[in-house]
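# can't give you the sequence, but here's the structure:
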Ligand SMILES: Cc1ncc(COP(=O)(O)O)c(C=O)c1O
């Protein structure tokens, strides 16, 4: 038998076919950080945005069992019943929402990003405005671009608090959505209940949707808890979309699991859009996570809190550091006396085998860098010592 000829290489000019929406999204900052990092030999990697602990054994077992019990087909678009029940229970005890009542609903999504994309698609027409924090999680402006919405940046420097006062100044008659993120990526800042209540009331007054991205809710450190609980606007009303995830909390970011809860009118539209895009969240992951809220993460949280303390100790006297109250990031100012951009500082760190992410990836400013302390103590300590040396200059 003769071998078939090798298929010809692509000849069409595919650049010409790429949509403006795809072309407008720039990933070069992050890509560069990863590419440069990839060239290093055994680097100290302080750039990773996911927990460094494995998925708890009980959750692993339950996902494996789900596969073995043939829970591998599509689930309902809204989600597998056992996980929907478990999320409803969680939200009842945590924020006091009764999801069996009229007017509000919840759904399981393909990651927190999936929930955010569906919310943008359901609410924003081309030209509508969405207010997001600056610094921000990189997905926020990108999905705005995808739906043709205008992203309005709420400057939160130097304390990284997205307050009602800062938001109000940005509201126009095109504003339809305000997106907040506490604990925040890349800053780790946790807003107080009072600040969150003020934001919810502001949105209510203007008839705007508040979306609260609470993906790091589990990683809220002691001093930022109120009555032992993570502060959320959801305790003050249901005119909002609450978005949470499982990936960061249980170390299963690759399972692509999140959920959203809010007004039924909105969730119904998001479900319709999910049906024609993601279809459903991964079935075995949904079943696997049905018991997740019973898993005690206390030890991991304490570990992260103690690492956060090491970061504060390492940098406290060499730069302005806004102490992170949650998540596992610090957004650290490059000392002004060095006279360099975050990009230049990032290159200096790379030259010492340490990977962080330059601040311009998360912001329109270029003055800080993001460090993730979701990394083993020994590596973190070596990285902090090198970064400190670079900052002292
Ligand atoms: C603030 C924030 N929201 C959402 C996400 C996306 O999470 P998921 O992996 O669940 O889509 C991330 C991931 O880094 C994040 O930092």
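That came through, no problem. Remember, predicted model here, so these are calculated numbers, not experimental data.
# Please determine how far residue 248 is located from the ligand.
Applying CB to the nearest ligand atom, to the nearest Å, the value for residue 248 to the ligand is 7 Å. C-betas here are computed from N, CA, C, even on glycine.
# Leaving out sequence neighbours, find the closest residue to that residue.
residue 215 (5.6 Å; CB to CB, 6 or more residues apart in numbering).
# Give me the distance between that neighbour and residue 387.
26 Å (CB to CB, to the nearest Å).
# And residue 237, by the same measure?
Taking CB to CB, one finds residue 237 at 42 Å from residue 387.
# Which one of those two is surrounded by more residues?
Per other CB atoms under 10 Å, whichever of residue 237 and residue 387 has more neighbours is residue 387, with 26 against 13.
# Now the protein against the ligand: closest residue?
Using CB to the nearest ligand atom, the closest approach of the chain to the ligand is made by residue 111 at 2.9 Å.
# I figured that residue hits residue 258, correct?
Yes. At 4.9 Å, residue 111 counts as touching residue 258 under the criterion of CB atoms under 8 Å.
# Can you check which residues contact both of those two?
245, 247, 281 (CB atoms under 8 Å, 6 or more residues apart in numbering).
# For the residues you listed, could you give me JSON lines that also reports secondary structure, distance to residue 169 and neighbour count?
Shown next, in JSON lines, are the shared contacts of residue 111 and residue 258 (DSSP: H, G, I helix; E, B strand; the rest coil; distance: CB to CB, whole Å; neighbours: other CB atoms under 10 Å):
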{"residue": "245", "secondary structure": "strand", "distance to residue 169": "30", "neighbour count": "27"}
{"residue": "247", "secondary structure": "helix", "distance to residue 169": "34", "neighbour count": "22"}
{"residue": "281", "secondary structure": "coil", "distance to residue 169": "37", "neighbour count": "28"}
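# Any residues of the stretch 151-300 of the chain in contact with the ligand? List them.
Residues of the stretch 151-300 of the chain found near the ligand (CB under 6 Å from any ligand atom) are 181, 185, 213, 215, 245, 247, 253, 258.
# Most neighbours among those, which one?
Result: residue 213 is most packed of these (other CB under 10 Å), 29 neighbours.
# mind listing what that residue touches?
Counted by CB under 8 Å, 6+ apart, residue 213 has contacts 112, 116, 137, 179-181, 243.
# Likewise for residue 334?
So residue 334 contacts 319, 340-342, 345, 359, 367-369, 391 (CB under 8 Å, 6+ apart).
# can you pick the most crowded of these?
Ranked by neighbours (other CB under 10 Å), the contacts of residue 334 are led by residue 368, which has 30 neighbours.
# pLDDT score for the closest residue to it other than its chain neighbours?
Distance criterion CB to CB, 6+ apart; nearest residue to residue 368, sequence neighbours excluded, is residue 359 at 3.7 Å. As predicted, residue 359 sits at a pLDDT of 96.
# What is the burial count for residue 193?
16.
# So it is in contact with residue 235, correct?
Yes. Residue 193 is within contact range of residue 235, at 7.2 Å (criterion: CB under 8 Å).
# ok, which stretches of the stretch 1-150 of the chain are strands?
Assigned by DSSP state E, counting those that start in this stretch, the strands in the stretch 1-150 of the chain fall at 44-45, 104-110, 129-134, 150-155.
# Please name the strands paired to the last one in the sheet, noting orientation.
Sheet pairing for strand 150-155, assigned by DSSP bridges, gives strand 129-134 (parallel).
# Give me the mean pLDDT for the strand it pairs with.
98.
# Is any residue of that strand near the ligand?
No. If you take CB under 6 Å from any ligand atom as the test, strand 129-134 misses the ligand, and the best it gets is 9.9 Å.
# Can you mark which positions in that strand are buried?
129-134 (16 or more other CB atoms under 10 Å).
# And the protein, split by domain according to the record?
17-54+297-392, 70-294 (automatic domain parsing).
# Straight-line length of the longest one, end to end?
Put plainly, it is domain 70-294. 24 Å (CA to CA, to the nearest Å).
# and the stretch 1-150 of the chain, which of its residues are near the ligand?
Contact residues, the stretch 1-150 of the chain versus the ligand (CB under 6 Å from any ligand atom): 49, 111-113, 137.
# Good, wrapping up.
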